[in-house]
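Q: what's the 3D shape of this:
(2 chains)
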2 protein chains.
Amino acid sequence: MQKKVGILGGGQLGRMLLQAAANYPVQTFVLENDDNCPAAHLCTQFVKGNISNYDDVYQFGKGLDAITIEIEAVNEDALEKLESEGVKVYPSPAALRIIKNKILQKQFYADNQIPSSEFVVTQNLQDLTQHETFLPAVHKLATGGYDGKGVQIIKKKEDISLGFDAPAVLEKMVSLQNEIAIMIAINDKGQRAIYSPVDMVFDANLNLLSYQLSPAELPEKVLWKAEAIALKVVNELKSPGIFAVELFVDKDNNVFVNETAPRVHNSGHHSIEACYSSQFDMLWRVILDYPLGNTAPILHAAIVNLIGENNYTGPAKYNGLNDVLAMDNVFVHIYGKAQTKPGRKMGHVTILSNEKQELLHKAKQVKALLKVVSED
Amino acid sequence: MQKKVGILGGGQLGRMLLQAAANYPVQTFVLENDDNCPAAHLCTQFVKGNISNYDDVYQFGKGLDAITIEIEAVNEDALEKLESEGVKVYPSPAALRIIKNKILQKQFYADNQIPSSEFVVTQNLQDLTQHETFLPAVHKLATGGYDGKGVQIIKKKEDISLGFDAPAVLEKMVSLQNEIAIMIAINDKGQRAIYSPVDMVFDANLNLLSYQLSPAELPEKVLWKAEAIALKVVNELKSPGIFAVELFVDKDNNVFVNETAPRVHNSGHHSIEACYSSQFDMLWRVILDYPLGNTAPILHAAIVNLIGENNYTGPAKYNGLNDVLAMDNVFVHIYGKAQTKPGRKMGHVTILSNEKQELLHKAKQVKALLKVVSED
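A: Have a look, this model is predicted:
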């Protein structure tokens, strides 16, 4: 019998999971409020419901063999109940609980001697004013942040009013050299597959990935340190699934964990074309109890995210798409979102080449050519 | 607005087309009798109906921007009507009409001075007995043949009773050195993209592809001849779309067209992983009026088809799947057909490597390990 596997959330990560699922004998189910979401038409059965609602998640999950997530903002109580009733959950609800809450996540790194930047917990804005000497720092909402929302840089005393008047962590700012990410899959037997680190270059304004290079060019010692730390994170979370560990490398080549996502992740998108087993393929191998895949790169890659342009809200239109599709060795992934809005992730473009200059040049071309605007 | 594109047929070719479609802004529609077919759950809207029925095809197509096929056995009268009403049809109904009927197809090659083996037309078995001196030959039903059905080798006089008692062509047998295939895409502007030829190795019993190597190893002169002939076929068909031209190379390095398929094709499956733009990606580029993709190979590849084992009919089970998934650089595509039966195409496996010995070795391993049987 084909296994029945559910995905909580119907965005682009669900969509790409379902593209990969079509290679395997599996029945797929998606829970999401919007029945025109990117994943709605690529699953065996779509279920309309709220992924943060206990009853919706429980009802959705109870007939399934396994369940996974494409976003952290799900009801973990329902997942715990499902787990206790024998449904396999990737990641485990216990690991999800730690990661979902940035206070618990930072405490987890500290408790497990995992290098991460210094932090203090703030309960409200009043609290934050007590930590003037801790600046410059990054203020992160404990829960509910996503895609650059819920994160505020507090450089100096005058910025304190920009902070969050709710439970949050204040993290000491790291003197950044690189921001890298490592994807790691771990199955129920504890076997692990680790992808090469990728170098993430961020847009300072939107706090969104600008482009990403893989594999990252790192001194061998930094590479080893980063991999050891990422593996330590995944080991201590004691959960099967796939994880993106985002790391800072500072000017002295120290490596710190920034944060971890317990799911397929933007920093693994290059793996669709650039690696033998993509992050999406890999998660299916974990869930369906198949052997783990080969994480080796076939070619080097760059990723450019397609973000809704400022000042455009409405039905999405992709200016310059033909120009980008005319470029060799460029792969376009449009997520099928009907509406664009400023800063919304609307797609990504992968460029393959073993020539770094070509990757950088084409990444810049793609960013200059392809703009997501609205039809009106 | 997203274009609305329909696919006639919901088998594995439709399924893989839909996996590729999810990278682009397009609404997809599938017409097929079986609402649990491989493509049913991967399209924006599934429509239950008969692809060979005029009304079903016409009703399905009349609200669409474009329509394509994944099998030739469709109602071309309805497609002609739709074309006259402004729906884009890939391939053109006129080209489809020629290809669907093996008598017309052979006549087309002859009329256009395209090298193809000698043939005679037979209307019935009685007719066939007149052509004893033409043997050894291959007898092919004019219409309705598929996947090895409707094809009968007639080596000698005594085999004549095995022939078809219906309109057919009798084709002189070629003294085969290689059987190769070339995929060519052509868009509405007449621009063409040609893939490297693949070497098809057939199973003599089932008359089904055993494995396939790409790119084919051919003397340069043969390669040029084969490409020129394949391009001539596509040019003379005067239709946009994607085409698989199957060719014979004889012991004297003469090249003959065997037959042409006006659609994505088994001989192009390696392109999913082995080429920058897969055959499925390429057809969407044609239909959506995007620039054609890059047909260059990233790596050499072998394909093994997964065929339902003899003596097994029922719910499909994939023995040895874990062993094959444990092999490096091997990609499994299971088509999601609920039932297996002897000779049914149930999936395919792609192996990537630039070492020919590794490709051949792994292809043999895959064939030995992976067996599609039934659960009962």
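Q: Just give me the neighbour total for whichever residue of the stretch 151-300 of chain A sits closest to chain B.
A: Nearest residue of the stretch 151-300 of chain A to chain B (C-beta to the nearest C-beta) works out as residue A:291 at 3.9 Å. For every residue, glycine as well, the C-beta is placed using N, CA and C. Residue A:291 is flanked by 18 other residues according to other C-beta atoms under 10 Å in any protein chain shown.
Q: same check, this time on residue A:158
A: Neighbours of residue A:158 under the rule other C-beta under 10 Å: 9.
Q: what comes up buried for stretch A:102-118?
A: Buried residues in stretch A:102-118, counted by 16 or more other C-beta atoms under 10 Å in any protein chain shown: A:102, A:103, A:105, A:106, A:107, A:108, A:109, A:114, A:116, A:117.
Q: which among these gets closest to residue B:220?
A: Nearest to residue B:220 among the buried residues of stretch A:102-118: residue A:114, at 58.4 Å, using C-beta to C-beta.
Q: got the contact list for the closest one?
A: With contact taken as C-beta atoms under 8 Å, 6 or more residues apart in numbering or on different chains, residue A:114 is in contact with A:108, A:229, A:232, A:233, A:236, A:257.
Q: That one should be in a helix, yeah?
A: No. Residue A:114: not assigned to a helix; according to DSSP: H, G, I helix; E, B strand; the rest coil it is coil.
Q: How is chain A partitioned into domains?
A: Using automatic domain parsing, the domain ranges for chain A come out as A:3-90, A:118-172, A:176-374.
Q: pLDDT wise, what is the residue nearest to the spatial centre of chain A at?
A: Per C-alpha atoms, centre = their mean, the C-alpha nearest to the average position across chain A is that of residue A:265, at 3.0 Å. Note on residue A:265: pLDDT of 97.
Q: For the closest residue to residue A:335 other than its chain neighbours, list the residues it contacts.
A: Distance criterion C-beta to C-beta, 6 or more residues apart in numbering or on different chains; nearest residue to residue A:335, sequence neighbours excluded, is residue A:12 at 3.9 Å. Residue A:12 makes contact with A:38, A:39, A:333, A:335, A:337, A:345, A:347, according to C-beta under 8 Å, 6+ apart.
Q: Skipping adjacent residues, who's closest to the first one in space?
A: Nearest-residue entry for residue A:38: residue A:15, 4.1 Å, with adjacent residues in sequence omitted and distances by C-beta to C-beta, 6+ apart.
Q: how about the nearest residue to residue A:42 once chain neighbours are set aside, secondary structure?
A: Leaving aside its sequence neighbours, residue A:42 sits nearest to residue A:18 (C-beta to C-beta, 6+ apart; 3.9 Å). Classification of residue A:18 using three-state DSSP returns helix.
Q: go on, residue A:42?
A: Note that with three-state DSSP, the state of residue A:42 is coil.
Q: any idea how far it lies from residue A:31?
A: Separation of residue A:42 from residue A:31 (C-beta to C-beta, to the nearest Å) stands at 14 Å.
Q: Let me know the pLDDT of the residue nearest to residue A:335.
A: The model reports residue A:12 with a pLDDT of 98.
Q: quick one, what contacts residue A:304?
A: Contacts for residue A:304 (C-beta under 8 Å, 6+ apart) come out as A:210, A:211, A:348, A:349, A:351, A:363, A:366, A:367, A:370.
Q: at 6 Å what do you get?
A: A:211, A:349, A:363, A:366, A:367 (C-beta atoms under 6 Å, 6 or more residues apart in numbering or on different chains).
Q: which other residues reach the one helix or strand in chain A whose mean pLDDT sits lowest?
A: Ranked by mean pLDDT, DSSP states H and E, the weakest helix or strand in chain A is strand A:208-214, scoring a mean of 84. Contacts with strand A:208-214, where a contact means C-beta under 6 Å, 6+ apart, come from A:148, A:198-203, A:266, A:270, A:301-305, A:363.
Q: One more: stretch A:225-239?
A: A:91-92, A:95, A:112, A:114, A:182, A:184, A:186, A:197, A:243, A:245, A:247, A:255, A:260.
Q: let's see it at 7 Å
A: A:91-92, A:94-95, A:98, A:112, A:114-115, A:180, A:182, A:184, A:186, A:192, A:194, A:197, A:218, A:243, A:245, A:247, A:255, A:257, A:260, A:262 (C-beta atoms under 7 Å, 6 or more residues apart in numbering or on different chains).
Q: how about the strands in the stretch 101-250 of chain A?
A: Assigned by DSSP state E, counting those that start in this stretch, the strands in the stretch 101-250 of chain A fall at A:119-122, A:137-141, A:151-154, A:168-172, A:176-186, A:192-194, A:198-203, A:208-214, A:241-250.
Q: Tell me the strands beside the last one, with direction?
A: Taking DSSP bridges as the criterion, strand A:241-250 forms sheet pairs with strand A:176-186 (antiparallel), strand A:255-261 (antiparallel).
Q: What residues sit buried inside that strand?
A: If you call a residue buried by 16+ other C-beta under 10 Å, then strand A:241-250 has these buried ones: A:241, A:242, A:243, A:244, A:245, A:246, A:247, A:248, A:249.
Q: Likewise for the third one?
A: Using 16+ other C-beta under 10 Å as the test for burial, strand A:151-154 gives A:151, A:152, A:154.
Q: Can you pull the poorly scored residue ranges out of the stretch 51-200 of chain A?
A: Along the stretch 51-200 of chain A, the model assigns pLDDT under 70 to residues A:146-148.
Q: Show me the helices in it, by range?
A: A:54-61, A:76-84, A:93-100, A:102-111, A:125-128 (DSSP state H, counting those that start in this stretch).
Q: Could you look up the next helix or strand downstream of the strand or helix carrying the residue nearest to residue A:38?
A: Here residue A:15, judged by DSSP states H and E, is contained in helix A:12-21. Where DSSP H and E defines the elements, the next helix or strand beyond helix A:12-21 is strand A:26-32.
Q: for chain A, what's the longest helix?
A: Longest helix in chain A, counting residues (DSSP state H): helix A:220-237.
Q: Taking strand A:255-261 as reference, get the angle to it.
A: 40 degrees (axes from the mean of the first three to the mean of the last three C-alpha atoms, to 10 degrees).
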